[in-house]
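In: Attaching a predicted model along with its sequence, questions to come.
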Amino acid sequence: MKKFLSKSLVKAASFMSMDNRVNYFKVSPVGMENIMLQEKYVNKIKID
């Protein structure tokens, strides 16, 4: 379910209009999905 949710977020973000910036969700959706999963993992664990 989490993988599906991440893919749907990446898919939705690829339709955002960004005039002056690179839309990384369009350029590399798989890479952005991996970054989002890493961010979720880091937020979940406790780092001292």
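Out: Everything's here; your move.

In: which regions of the chain lie under the pLDDT threshold?
Out: In the predicted model, the chain carries pLDDT under 70 at residues 1-7, 9-20, 48.

In: Now do the helices for it: every range, in order, please.
Out: 2-13, 24-27, 29-44 (DSSP state H).

In: just checking, what packs against the shortest one?
Out: Counting by 3 or more C-beta pairs under 8 Å, 6 or more residues apart in numbering; DSSP states H and E, the packing neighbours recorded for helix 24-27 are helix 29-44. All C-beta spots, glycine's among them, are computed from the backbone N, C-alpha and C.

In: Counting by contacts, list what the helix it packs on packs against.
Out: helix 2-13, helix 24-27.

In: How many residues are close by Met32?
Out: 19 (other C-beta atoms under 10 Å).

In: Isn't it up against Phe25?
Out: Yes - the pair Met32 / Phe25 is scored as a contact, 5.2 Å apart, by C-beta atoms under 8 Å.

In: how close does Val22 sit to Gln38?
Out: 20 Å (C-beta to C-beta, to the nearest Å).

In: what about Leu37, distance to Arg21?
Out: Where Arg21 is concerned, Leu37 sits at a distance of 22 Å (C-beta to C-beta).

In: The two: who's more crowded?
Out: Each of Leu37 and Arg21 has its neighbours counted (other C-beta under 10 Å); Leu37 has more, 13 against 7.

In: pull the CA atoms of stretch 37-44 into PDB?
Out: Extracted in PDB, the C-alpha atoms of stretch 37-44 (Å, rounded to 0.1, in the frame of the first residue of the first chain):
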ATOM      1  CA  LEU A  37      10.700   6.600   0.600                       C
ATOM      2  CA  GLN A  38      14.100   7.400   2.100                       C
ATOM      3  CA  GLU A  39      12.700  10.600   3.700                       C
ATOM      4  CA  LYS A  40       9.800   8.600   5.200                       C
ATOM      5  CA  TYR A  41      12.300   6.100   6.600                       C
ATOM      6  CA  VAL A  42      14.500   8.800   8.100                       C
ATOM      7  CA  ASN A  43      11.500  10.500   9.700                       C
ATOM      8  CA  LYS A  44      10.300   7.200  11.100                       C
END
